[in-house]
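Trainee: Only the shape, not the letters, is given here:
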Ligand SMILES: CC(C)=CCC/C(C)=C/CC/C(C)=C/C=C/C(C)=C/C=C/C=C(C)/C=C/C=C(C)/C=C/C=C(C)/C=C/CC(C)(C)O
Ligand SMILES: C[S@@+](CC[C@H](N)C(=O)[O-])C[C@H]1O[C@@H](n2cnc3c(N)ncnc32)[C@H](O)[C@@H]1O
């Protein structure tokens, strides 16, 4: 056993010694007096405090978004009084919010006491879909307000109702809910397509079918990157209704077909030599994912390729963003699960896929990718 790992018996190992020292208040006090250890201790303290305070940071961001404060300072620095009047807060409370926003470097406090947009705030506003994502976080926040009850399965998470489409075609009949959902997904698709197409080379693919492809935003990006590729879009009928106009506008005229259906109830159309599932698996239970993967397998020709991209758990090396935010988010949707690349690979292998390759994403909270092949026909 490695000296850097806890020994199963709890006996001596370097890491156990480290735990004992870090967990001793006496050692913490001694460390304060030794420069190198003090730096290490302070860093751990800061990191701990960040975890302790994370939910307040998120609420500061939420209030800035909800009150549109970042937009208000976009044209230039504003006084606290002016911002308070615009947002309907007392000057004291606006000062509290602005000071918090500046501490998180979303805003900048000017020497004269006014507040301006900071680089991070400007970047936040420019990330497609991020503002809208944060705008619905009150639902997740409510669901996690008693995390122990949530983990015990004693709560009735609202997020599950927020995205009713996930529970199948029957849930997706309200066009207003569908439109809102599709808009959010379409907006946030920009970064996902960017990273997926950086990770996975589609050279040689003749026709790509995007299953659960929403209004066609990913296929739009594919069409721009690969001007000769033909595309097929498959999603619930109510979701794909708006897709033809979008795909035409994306310059895919004459190169696309759109198919409404449910992968729970219907086989997938054939004709594509590659099938993508972008941010689809993590919405669903293992049973639904197995059914979906088997349908993808059946729809692909021999040597056909499956491409999966979504935020993935770090698995054996738990990942800060995906094993907290996405894991809890998808759990609050009840049917969802943020799986690791290894878990997804096992599900693929169980369906008969081979040549499984994983591509860790540069921004794991945007997407990592996995590809695999339906094996060649046996001669
Ligand atoms: C010269 C001077 C003075 C300054 C230079 C400054 C400079 C160059 C700064 C750099 C600025 C820069 C380029 C910043 C770029 C920042 C970027 C690109 C940031 C991107 C951040 C993206 C984030 C935080 C993405 C978050 C995504 C989220 C939260 C997605 C959530 C998705 C969900 C919940 C999906 C749910 C689907 C469901 C419902 C489960 O099915
Ligand atoms: C999280 S969204 C991802 C959309 C898009 N791929 C993206 O990354 O922006 C999941 C998509 O799966 C679709 N979906 C859910 N259940 C489905 C089903 N049973 N059959 C077909 N599509 C389904 C939803 O309508 C939605 O468009």
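Mentor: Thanks, I have the structure now. On a predicted model such as this, the values are computed, not experimentally measured, just so you know. Ligands and ions are numbered 1, 2, ... in the order given.
Trainee: okay, CA-based contacts and neighbour counts for the rest of this
Mentor: Noted.
Trainee: Walk me through the domains of the protein.
Mentor: Per the TED database, the structural domains of the chain span 24-126, 144-374.
Trainee: Need the three-state assignment for residue 232.
Mentor: strand (DSSP: H, G, I helix; E, B strand; the rest coil).
Trainee: how many neighbours does it have?
Mentor: Number of residues near residue 232 (other CA atoms under 10 Å) recorded here: 22.
Trainee: Where does the residue lying closest to it once chain neighbours are set aside sit: helix, strand or coil?
Mentor: Among residues not flanking residue 232 along the chain, residue 209 sits closest, at 4.3 Å (CA to CA, 6 or more residues apart in numbering). What three-state DSSP gives for residue 209 is strand.
Trainee: Just the pLDDT at residue 209, thanks.
Mentor: The model reports residue 209 with a pLDDT of 98.
Trainee: before we move on, what about residue 242?
Mentor: pLDDT, residue 242: 85.
Trainee: looking at the domains of the chain, which is buried most?
Mentor: Stretch with highest mean neighbour count among those: domain 144-374 (a mean of 19; mean count of other CA atoms under 10 Å).
Trainee: returning to that earlier point: could I get the domains of the chain as TSV with distance to residue 132?
Mentor: Shown next, in TSV, are these (distance: least, CA to CA, whole Å):
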stretch	distance to residue 132
domain 24-126	9
domain 144-374	7
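Trainee: closest to ligand 2 out of these?
Mentor: domain 144-374 (3.3 Å; CA to the nearest ligand atom).
Trainee: for ligand 1, what are the nearby residues on this protein?
Mentor: 123, 127, 130, 283, 330, 366 (CA under 6 Å from any ligand atom).
Trainee: about what we covered before: worst average pLDDT in the domains of the chain?
Mentor: When I compare those, domain 144-374 is least confident, with a mean of 92.
Trainee: How about that domain and ligand 2, touching?
Mentor: Yes: contact of domain 144-374 with ligand 2 (CA under 6 Å from any ligand atom) involves 166, 168-169, 185-186, 189, 212-214, 235-236, 239, 261-264, 278-280.
Trainee: Pull up the distance across that domain, start to finish.
Mentor: One end of domain 144-374 sits 40 Å from the other (CA to CA, to the nearest Å).
Trainee: sorry, back to before: do you know how far the residue nearest to residue 232 is from ligand 1?
Mentor: 19 Å (CA to the nearest ligand atom, to the nearest Å).
Trainee: I'd say that residue and residue 233 touch.
Mentor: Yes: counting by CA atoms under 8 Å, residue 233 is a contact partner of residue 209 at 5.6 Å.
Trainee: quick one: contacts for residue 331?
Mentor: 337-338 (CA atoms under 8 Å, 6 or more residues apart in numbering).
Trainee: Now for the closest residue to ligand 1 within the chain, which secondary structure element holds it?
Mentor: Ligand 1 sits closest to residue 123 of the chain, with a gap of 4.9 Å, by CA to the nearest ligand atom. Residue 123 is part of helix 119-126, with elements assigned from DSSP states H and E.
Trainee: Which SSE is immediately downstream of that helix?
Mentor: Next in sequence after helix 119-126, counting helices and strands by DSSP H and E, comes helix 130-135.
Trainee: what comes up buried for that following helix?
Mentor: When neighbours are counted by 16 or more other CA atoms under 10 Å, the buried residues of helix 130-135 are found to be 131-132, 134.
Trainee: for it, packing partners?
Mentor: helix 35-66, helix 119-126, helix 175-199 (3 or more CA pairs under 8 Å, 6 or more residues apart in numbering; DSSP states H and E).
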